[in-house]
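My questions are about this predicted structure, shown below with the sequence.
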Amino acid sequence: MLDDPVLTTRAEDGRDDVPLLVWRAARPLLTVSSAPLGGGLGPRRWVVNATVPMSYARDDPADHLAELADRLGLDGPGVGLLTGVDVAEVVARADGGVRVWATVGLGTPVPAAAPTPAAPGQRVGTVNIIGYVPVRLGAAALVNAVATVTEAKVQAIADLGLPGTGTPTDAVTVCCPADGPAAPYGGPRSAWGARLARAVHAAVRDGGAGPVVPWSERVTR
């Protein structure tokens, strides 16, 4: 089971209130992720989603996230994500046992097949999505679940009337129990994929419905 995250803060860049979310699993979960830390497929014990300034320029995000995990006392393998939005604004949605959490930064959405990359320094935002399915998914179903999450995200962005499919830094994490019979499918018309798609769509749509101010612009240094 993956319960609601704990919101905490850390000292960084001259501040002592930089927010981050921490999910802790009672036992390792089978996880697929595109995150900079803990990406790929395998057992994971925790997830961290950390706010960073929009000026973030470190070229070692995995090392940075590992440092944060160490400060938090997190043991074993886990997943670490970064975003310029305030993770305190996380949106949680559920559907038939599936749970989804999304931090949604869509200040400048871009089309996936844009003819040119984003200009240097262009604000692109980040959509980080963490999903939990309460039954074990087979390896192929987990990969399919990532596609399902992405399709549902794009549908939500379209429903918001935004001219893009996401941002260049979006990340997806899908977790499920590591034991039990393996469900073979994770597509949007499968039993669990459909629930995942609906929860993701609701989270991204609702998270993107209002103006999202980057955390670094919310505070006074």
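On my side now, so go ahead.

Who are the packing partners of the lengthiest helix in the chain?
Determined from DSSP state H, the single longest helix within the chain is helix 139-159. Here helix 139-159 touches strand 15-33, strand 40-51, strand 127-132, strand 171-177, helix 191-207, going by 3 or more CB pairs under 8 Å, 6 or more residues apart in numbering; DSSP states H and E. All C-beta spots, glycine's among them, are computed from the backbone N, C-alpha and C.

what's next to stretch 2-14, contact-wise?
For stretch 2-14, the external contacting residues (CB atoms under 8 Å, 6 or more residues apart in numbering) are 16-25, 29, 47, 49-50, 53, 68, 71-72, 87-88, 90, 92, 99, 101, 130, 132, 175, 221.

coming back round to it: want to throw the helices and strands packed on helix 139-159 into CSV with distance to G138?
Converted to CSV, the helices and strands packed on helix 139-159 look like this (distance: least, CB to CB, whole Å):
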stretch, distance to G138
strand 15-33, 10
strand 40-51, 11
strand 127-132, 16
strand 171-177, 10
helix 191-207, 11
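
As JSON lines, the ones you listed with distance to V146 and mean neighbour count would be great.
Compiled in JSON lines, the helices and strands packed on helix 139-159 are given as follows (distance: least, CB to CB, whole Å; neighbours: other CB atoms under 10 Å):
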{"stretch": "strand 15-33", "distance to V146": "6", "mean neighbour count": "19"}
{"stretch": "strand 40-51", "distance to V146": "10", "mean neighbour count": "21"}
{"stretch": "strand 127-132", "distance to V146": "9", "mean neighbour count": "27"}
{"stretch": "strand 171-177", "distance to V146": "5", "mean neighbour count": "25"}
{"stretch": "helix 191-207", "distance to V146": "10", "mean neighbour count": "23"}
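
so which of those gets nearest D159?
Comparing the helices and strands packed on helix 139-159 by their distance to D159 (CB to CB), the top pick is helix 191-207, with 5.7 Å.

same for that closest one, what does it pack against?
strand 91-95, strand 98-104, strand 127-132, helix 139-159.

now the angle from that helix to strand 127-132?
140 degrees (axes from the mean of the first three to the mean of the last three CA atoms, to 10 degrees).

Just the CA trace of helix 191-207, in PDB.
Extracted C-alpha coordinates of helix 191-207, given in PDB (Å, rounded to 0.1, in the frame of the first residue of the first chain):
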ATOM      1  CA  ALA A 191      -9.700  -3.100 -15.500                       C
ATOM      2  CA  TRP A 192      -6.900  -1.300 -13.700                       C
ATOM      3  CA  GLY A 193      -5.700   0.900 -16.500                       C
ATOM      4  CA  ALA A 194      -9.100   2.400 -16.900                       C
ATOM      5  CA  ARG A 195      -9.200   3.400 -13.200                       C
ATOM      6  CA  LEU A 196      -5.600   4.700 -13.400                       C
ATOM      7  CA  ALA A 197      -6.500   6.800 -16.400                       C
ATOM      8  CA  ARG A 198      -9.600   8.300 -14.800                       C
ATOM      9  CA  ALA A 199      -7.700   9.200 -11.600                       C
ATOM     10  CA  VAL A 200      -4.800  10.700 -13.500                       C
ATOM     11  CA  HIS A 201      -7.100  12.700 -15.800                       C
ATOM     12  CA  ALA A 202      -8.900  14.200 -12.700                       C
ATOM     13  CA  ALA A 203      -5.700  15.000 -10.900                       C
ATOM     14  CA  VAL A 204      -4.000  16.800 -13.800                       C
ATOM     15  CA  ARG A 205      -7.200  18.500 -14.900                       C
ATOM     16  CA  ASP A 206      -7.900  19.800 -11.400                       C
ATOM     17  CA  GLY A 207      -4.300  20.600 -10.700                       C
END
